[in-house]
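Undergrad: From the sequence below, what's the structure:
(one chain, ligands or ions: 1)
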Amino acid sequence: MAKPAILTVDDDPAVSRAVARDLRKQYAEEYRIIRADSGQEALDALKELKLRGEQVAVLLADYRMPNMTGLQFLEHAMDLFPRARRVLLTAYADTDAAIQAINIVDLDHYLLKPWHPPEEKLYPVMDAMLEAWKAAPDRPVADVKVVGHRWSAPSFKVRDFLARNMVSYRWYTTDDAEGQRLLAAAGLTEADVPLVVTPEGKTMVAPSEAELAVQVGLTTTPASDFYDLVVVGGGPAGLGAAVYGASEGLRTVLLEERATGGQAGQSSRIENYLGFPDGVSGAQLTDRARRQAVKFGAELLTACKVTRLAVQGSARVLHFEDGTTIAAHSVILATGVSYRRLHAPGLEQFHGRGVYYGSAATEAPSCSDQDVYIVGGANSAGQAAMFFSRYARRVHLVIRAPDLDASMSRYLIEQIAAVPTIEVHPCTEVVGADGDEHLERLTLRSMTTGEERTVESSWLFIFIGAEPRTDWLDGVVQRDERGFVLTGPDIAASTEHVALGRDPYHLESSVPGVFAAGDVRADSVKRVASAVGEGAMAVSLVHRYLVEGQ
Ligand SMILES: Cc1cc2nc3c(=O)[nH]c(=O)nc-3n(C[C@H](O)[C@H](O)[C@H](O)COP(=O)(O)OP(=O)(O)OC[C@H]3O[C@@H](n4cnc5c(N)ncnc54)[C@H](O)[C@@H]3O)c2cc1C
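TA: Residues are numbered from 1 along each chain as shown. Next up is the predicted model:
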C-alpha cells in the first residue's frame with residue numbers, strides 16, 4: 001500500500017515549494033508529500049487518490065488563492081476525504097477570516113505565514129494533526145471497488161463475476177457515503193452505475209465481462225495461436241483435463257466463458273467428493289484446481305466464449321465472440337450445463353433483482369433476518385437451503401414432488417430435517433412474482449388443491465435442473481435430441497471415423513480428435529467426481545489420438 005499523503009496547496013510556487021520541502025524533511029519516511037499550485041490541481045490529485053483507495057492524512061491550503069480559495073478547496077476536499085485533518089495557511093491580516101472558517105469547514109488549525117523556524121511553528125502543529133488522524137484514519141482499500149444500486153441486475157452481474165473469479169472487491173451502494181465519494185471522484189452520478197474502480201484507480205462504467213476481466217488482471221488472451229490441446233469450459237471436467245493435459249506435457253489452454261469452477265464453483269459445500277471427509281466449498285476446490293493447473297503450465301483464459309468449432313485438415317479451430325480464433329491438434333468439450341429457466345409471470349422481470357439462478361452467494365449477507373424461497377428438490381437446492389439457513393430468518397424449500405426422497409441425497413435430507421428454520425413445501429409450485437423496484441411477493445400454488453397464496457419475500461433462488469448450451473456445435477458434432485454431445489459407441493455413423501478405419505474412442509465425439517467430458521456428455525453421471533475423472537480420461541484418449549488415431 002502507498003504511504004498516506006500530506007497534501008499542500010498554495011498558488012505562490014515559491015511558498016508551495018518551501019512548505020513541501022519542510023514537510024518532506026520531517027515526514028517523508030512515513031508520508032508522501034504532494035504539492036499543488038491551485039485548488040483545482042489539488043482537487044484533481046485528491047480524486048485520483050480516492051479512486052486508487054489511498055489515504056490522505058493532512059490537507060494544508062493557502063487561504064488566498066485565485067479561482068478557488070483555500071476554504072472552498074477544503075470544503076470540496078472534505079467531501080472526498082472527510083477524515084483528513086484540515087489546516088489553513090494564512091497571513092496575519094487574515095486571522096479573523098481563518099477563525100470564522102473553523103466553523104465553516106470544520107478547520108482543525110490555522111497556521112500563520114511565515115512559519116519559520118518549522119521546528120517551532122510547523123512541526124508541532126503537524127505532529128498533533130497526524131496523531132489525531134492516526135487515531136481515526138480512513139482505511140486504505142487495495143481491492144477493486146464496485147459502486148452500484150442494491151437492486152440492480154447489472155450491478156449484481158458485476159459482483160457475481162468478480163466473486164466467482166475470486167477477485168476480492170469492496171461493494172458500496174449508491175446510498176453509502178463512500179459510494180457517493182467514489183462517484184464524485186470519478187465525476188459520475190448515481191445514474192451511471194455500476195461503477196468499477198481498479199486498485200490503480202482506473203474507472204469503468206457498466207463494463208462488459210471481457211473488459212472487466214482484462215482490467216482486474218484475469219488472463220483473457222492466449223499466449224500462442226496453436227496448442228496440442230484446447231479445453232473448452234472451466235468446470236471440474238475442464239480443470240481436470242487441464243491439470244492432466246499440462247502435467248503430461250501437452251501444450252494446454254483452457255477457455256472459460258465466465259468463471260472457472262462451473263456449477264461446482266457455485267456449491268456451498270460438496271460433501272461427497274473423494275478425499276474431503278468434512279466437505280469442501282466449490283470455491284475452495286476451484287481455487288486449488290486452478291493453482292494446480294497453472295503450476296503444471298496450463299494457460300487458463302477467462303471471459304472467452306467459444307462460438308464455433310471448425311475442422312481444417314488436422315487442425316481443430318475454435319472461434320471466439322470477438323472474431324478471433326485459436327487452433328489445436330485436439331479439443332476437449334467440457335461445457336457442462338446451465339440452469340433451466342422457470343417460467344411464471346413476473347419472474348424474468350426480477351432476474352438479478354431478487355430472482356437468481358443458482359445460489360448467488362454474494363447475496364447471502366443481505367438475506368439476514370428475511371424469508372428466502374428456494375425452488376428445486378435436487379442436491380444443489382438442498383445445499384443452498386443449508387447455506388442460506390445460516391443467514392435467513394426462514395428458508396422455504398418449494399418442491400413439486402410429495403417429498404425429497406427421490407431427488408436428494410439422504411445425508412442432505414437429514415441435515416435439512418435437523419434445521420428448524422428450513423421448511424419444505426411439498427406439491428407446491430411458484431406461479432407468479434410481483435414487486436416494484438425489486439421482487440417483493442411470490443404466488444405459490446398447491447398442486448393438490450389448486451389453491452393459490454401470496455407470500456412476502458425479496459429472495460427467490462431457482463435450481464430446477466439444467467440443460468447443455470451446445471447450439472454452437474450444430475452441424476459439426478453429433479448431439480442427442482436434448483443437446484448433449486454423443487460420444488464413443490453412441491455415435492450413429494461418423495464418416496470421418498470410417499475414413500480413418502477405426503471406431504470413435506470412448507469419450508470421442510463424431511469429430512476425430514474432439515472429445516467430451518463431464519455433464520455436457522450424453523448419459524454422463526452429473527457429479528463432480530465423474531466430471532474430473534472424465535477430464536483425466538479424455539486426456540489419455542487425446543494421447544492415443546495424437547499417436548495412432550489420425
Ligand atoms: C449448486 C450445485 C451444487 C452441486 N453439488 C454437488 C455435490 O455436492 N456433489 C457432486 O458430485 N456434484 C454436485 N453438483 C454437480 C456438479 O457440480 C456438476 O456435475 C459438475 O460441476 C459438472 O462439471 P462440468 O465440468 O462437466 O461442467 P460445469 O461445472 O457445468 O462447467 C462447465 C463450464 O463451461 C463453461 N462454458 C459453457 N459454455 C462455454 C463456451 N461456449 N465457451 C467457454 N466456456 C463455456 C461454463 O461457463 C462453465 O464454467 C452440484 C451442482 C450445483 C449447481
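
Undergrad: Can you tell me the SS state at the residue nearest the centre of the chain?
TA: Taking C-alpha atoms, centre = their mean as the criterion, residue 162 is the residue nearest the geometric centre of the chain, at 1.1 Å. When the structure is split into helix, strand and coil by DSSP: H, G, I helix; E, B strand; the rest coil, residue 162 lands in helix.

Undergrad: contacting residues around the residue nearest to residue 163 when sequence neighbours are not counted?
TA: Residue nearest to residue 163 in three dimensions, not counting chain neighbours: residue 362, with 4.9 Å by C-beta to C-beta, 6 or more residues apart in numbering. Any C-beta I mention is one placed from the backbone N, CA and C, and that applies to glycine too. With C-beta atoms under 8 Å, 6 or more residues apart in numbering as the criterion, the residues that contact residue 362 are 156, 159-160, 163.

Undergrad: Would you mind trimming the residues you listed to those in range of the ligand?
TA: The subset of the contacts of residue 362 lying close to the ligand, counting by C-beta under 6 Å from any ligand atom, is empty.

Undergrad: which non-adjacent residue is nearest the residue of the stretch 401-550 of the chain found nearest the ligand?
TA: Closest to the ligand within the stretch 401-550 of the chain is residue 518: 2.1 Å, counting by C-beta to the nearest ligand atom. With C-beta to C-beta, 6+ apart as the measure, residue 237 is the residue that lies nearest to residue 518, at 2.7 Å, once sequence neighbours are left out.

Undergrad: Now flag whichever of the contacts of residue 362 is closest to the ligand.
TA: residue 160 (12.3 Å).

Undergrad: Around the closest one, how many other residues sit close by?
TA: 21 (other C-beta atoms under 10 Å).

Undergrad: secondary structure class for the residue nearest to it when sequence neighbours are not counted?
TA: Spatial nearest neighbour of residue 160, chain neighbours left out: residue 362 (5.7 Å); criterion: C-beta to C-beta, 6+ apart. Per three-state DSSP, the secondary structure class of residue 362 is helix.

Undergrad: any idea of the pLDDT on residue 362?
TA: On pLDDT, residue 362 comes in at 80.

Undergrad: The stretch 51-200 of the chain: helices as residue ranges?
TA: 70-80, 95-104, 118-121, 123-135, 153-164, 177-185 (DSSP state H, counting those that start in this stretch).

Undergrad: Going by mean pLDDT, which of the ones you listed comes out lowest?
TA: Confidence, taken as mean pLDDT, is least for helix 95-104 of the helices of the stretch 51-200 of the chain (a mean of 79).

Undergrad: and the angle for that helix with helix 70-80?
TA: For helix 95-104 against helix 70-80, the angle between stretch directions is 20 degrees (axes from the mean of the first three to the mean of the last three C-alpha atoms, to 10 degrees).

Undergrad: Show me what helix 95-104 packs onto, helices and strands only.
TA: Helix 95-104 sits against helix 70-80, strand 85-90, strand 109-112, with contacts defined as 3 or more C-beta pairs under 8 Å, 6 or more residues apart in numbering; DSSP states H and E.

Undergrad: will you turn the ones you listed into JSON lines that also has mean neighbour count and distance to the ligand?
TA: Below are those laid out as JSON lines (neighbours: other C-beta atoms under 10 Å; distance: least, C-beta to the nearest ligand atom, whole Å):
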{"stretch": "helix 70-80", "mean neighbour count": "21", "distance to the ligand": "39"}
{"stretch": "strand 85-90", "mean neighbour count": "24", "distance to the ligand": "49"}
{"stretch": "strand 109-112", "mean neighbour count": "17", "distance to the ligand": "57"}
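
Undergrad: Tell me which of those sits nearest to residue 465.
TA: Between residue 465 and the helices and strands packed on helix 95-104, the shortest gap by C-beta to C-beta is with helix 70-80, which sits at 49.6 Å.

Undergrad: The closest one packs against which elements?
TA: Helix 70-80 makes packing contacts with helix 39-51, strand 56-62, strand 85-90, helix 95-104, helix 177-185 when contacts are defined by 3+ C-beta pairs under 8 Å, 6+ apart.

Undergrad: Now do it: distance to the chain's middle.
TA: Between the centre of helix 70-80 and the centre of its chain there are 34 Å (C-alpha atoms, centre = their mean, to the nearest Å).
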